[in-house]
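Colleague: Got a sequence here, can you build the structure:
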Amino acid sequence: MRRFAAVLLDMDGTLVDSDAAVERAWERWAAEAGVPIAQLRPLMHGNPAPTTIRAVRPGYPPAAVLAAAARQLELQYTDLDDVVATPGTERLLIALEELDLPWAVVTSADQRLARARLGAAGITPPLLVTVEETERGKPHPDPYLAAAARLGVDPAGCLVVEDSEPGIAAGRAAGGTVAALRGLEADLRLTDLGDLADLLLRPDRQPG
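Modeller: Numbering: from 1, shown residues only. The predicted structure is shown next:
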């Protein structure tokens, strides 16, 4: 496997196992907003909250979308009891340090939520790019382009690690090589982040 200029990692579902907390927040928001949970469930992961809310409530004016997104985030800020690092995360972070490979977390969460979840999982990234920092979020390339620019590297030289279709689309649109979890189609398919650690340390090895 080629040498990458940087590794850009999604947070929820990739570095941090927060699936249950994300789903609880959306379920509570859906109940409050009168949105059928079956309509919302396929959209719970990967998109910024405003994108998901526009999809299920296309008639909402911009101010209502922002208010709904703020409420949905509020439901997540203190729901951290079962938020932990995903399998293989510790091994990956050790490998990145051994290889002196720059890395960043690129997330659709806001700063407050991202720092809370990363803190709960014991992860301190050297660079954190959150939803406030770009006009457009995933699936647009802007968050990954911003991370590459802040690291001073070519986006085409980056490895993007994702676990959702919107995130994969964002990484591809930014021009990076994309590695995916959860069996999703991408340039590389990973079983977990330990698999990625092995690939970076032993580039002749095949993933899986």
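
Colleague: list the buried ones in stretch 93-106?
Modeller: Of all the residues in stretch 93-106, those buried under the rule 16 or more other C-beta atoms under 10 Å are 93, 95-96, 102-106. In short, each C-beta sits where N, CA and C put it, glycine included.

Colleague: Quick check: mean pLDDT of the longest helix along the chain?
Modeller: The longest helix of the chain (DSSP state H) is helix 19-33. The average pLDDT for helix 19-33 rounds to 93.

Colleague: And the helices in the protein?
Modeller: Using DSSP H, helices in the chain cover 19-33, 37-40, 49-56, 62-74, 89-98, 111-120, 142-151, 165-173, 193-201.

Colleague: could you dump those helices to CSV with distance to residue 8?
Modeller: Formatted as CSV, the helices of the chain follow (distance: least, C-beta to C-beta, whole Å):
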stretch, distance to residue 8
helix 19-33, 20
helix 37-40, 28
helix 49-56, 20
helix 62-74, 22
helix 89-98, 12
helix 111-120, 14
helix 142-151, 5
helix 165-173, 7
helix 193-201, 12
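
Colleague: that older thread, among the buried residues of stretch 93-106, which one sits closest to residue 122?
Modeller: Of all these, residue 122 sits closest to residue 93, with 9.7 Å by C-beta to C-beta.

Colleague: Show me which pair in the buried residues of stretch 93-106 is furthest apart.
Modeller: 95 and 106 (18.7 Å).

Colleague: Nearest to residue 129 among the helices of the chain would be which one?
Modeller: From the helices of the chain, taking C-beta to C-beta, the stretch that ends up closest is helix 142-151, at 4.6 Å.

Colleague: which other helices and strands contact the closest one?
Modeller: strand 6-9, strand 103-106, strand 128-129, strand 158-162, helix 165-173 (3 or more C-beta pairs under 8 Å, 6 or more residues apart in numbering; DSSP states H and E).

Colleague: Can you lay out these as JSON lines showing mean pLDDT and distance to residue 37?
Modeller: Formatted as JSON lines, the helices and strands packed on helix 142-151 follow (pLDDT from 0 to 100; distance: least, C-beta to C-beta, whole Å):
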{"stretch": "strand 6-9", "mean pLDDT": "98", "distance to residue 37": "29"}
{"stretch": "strand 103-106", "mean pLDDT": "98", "distance to residue 37": "28"}
{"stretch": "strand 128-129", "mean pLDDT": "98", "distance to residue 37": "30"}
{"stretch": "strand 158-162", "mean pLDDT": "98", "distance to residue 37": "25"}
{"stretch": "helix 165-173", "mean pLDDT": "97", "distance to residue 37": "20"}
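
Colleague: Among these, show me which one is buried the most.
Modeller: strand 158-162 (a mean of 29; mean count of other C-beta atoms under 10 Å).
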